[in-house]
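Enquirer: no FASTA, just this:
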């Protein structure tokens, strides 16, 4: 669609993950999710109601598997948003979050991100 521009914004506030899709000419309405990470799976569940016009990329009830060095034997802080690469159950989607607040989203091609940017995190960020 010519002239169509969109970008994603993420923020982490405690156990909440906020996803806002910015599209030219559209209202900027965030969707909020509770996130949970037990060392292997990063799961998102909708918190409240998703008021976005077309929540096509909703994270609700989605689980992503951590694809990095093992957390086995390490204490996983349930209050610290995890960093690393996380792949969807069907293997088609992936997120990467790094300790510097950078993120990438992959859709189909897990080598080349379709979206990327910075995310804001009010929690201490740690990685393996």
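Expert: That came through fine. Keep in mind it's a predicted model, so treat the numbers as computed, not measured.
Enquirer: if the residue nearest the centre of the chain is in a bridge, with which residues?
Expert: Nearest to the mean C-alpha position of the chain, by Cα atoms, centre = their mean, lies residue 95 at 6.1 Å. Here residue 95 shows beta-bridge partners residue 86, residue 105, assigned using DSSP bridges.
Enquirer: got a pLDDT number for it?
Expert: Confidence at residue 95, expressed as pLDDT, is 91.
Enquirer: oh, and call the first residue 54 from now on, that's how I've got it
Expert: Noted, 54 is the first residue going forward, which turns the last one into residue 148.
Enquirer: for it, what are its contacts?
Expert: By Cβ atoms under 8 Å, 6 or more residues apart in numbering, residue 148 lies in contact with 95, 117, 138, 139, 156, 157, 158, 159. Bear in mind the C-beta positions are built from the backbone N, C-alpha and C, glycine included.
Enquirer: okay, now the second one: neighbour count?
Expert: Summarising burial for residue 117: neighbours were counted as other Cβ atoms under 10 Å, giving 21.
Enquirer: quick check: residue 94 touching residue 120?
Expert: No - applying Cβ atoms under 8 Å, one finds residue 94 not in contact with residue 120, separated by 11.3 Å.
Enquirer: any of the contacts of residue 148 buried? List them.
Expert: Buried members of the contacts of residue 148, counted by 16 or more other Cβ atoms under 10 Å: 95, 117, 138, 139, 156, 157, 158, 159.
Enquirer: I'd say the fourth one and residue 118 touch.
Expert: Yes - at 6.4 Å, residue 139 and residue 118 qualify as touching, with contact defined as Cβ under 8 Å.
Enquirer: joint contacts of those two?
Expert: By Cβ under 8 Å, 6+ apart, the residues touching both residue 139 and residue 118 are residue 95.
Enquirer: ok, which stretches of this protein are strands?
Expert: 59-66, 69-76, 83-90, 94-99, 115-119, 137-141, 146-150, 155-160, 168-174 (DSSP state E).
Enquirer: pLDDT below threshold where in the protein?
Expert: 54-59, 75-77, 79-80, 105-110, 122-132, 176-181 (pLDDT under 70).
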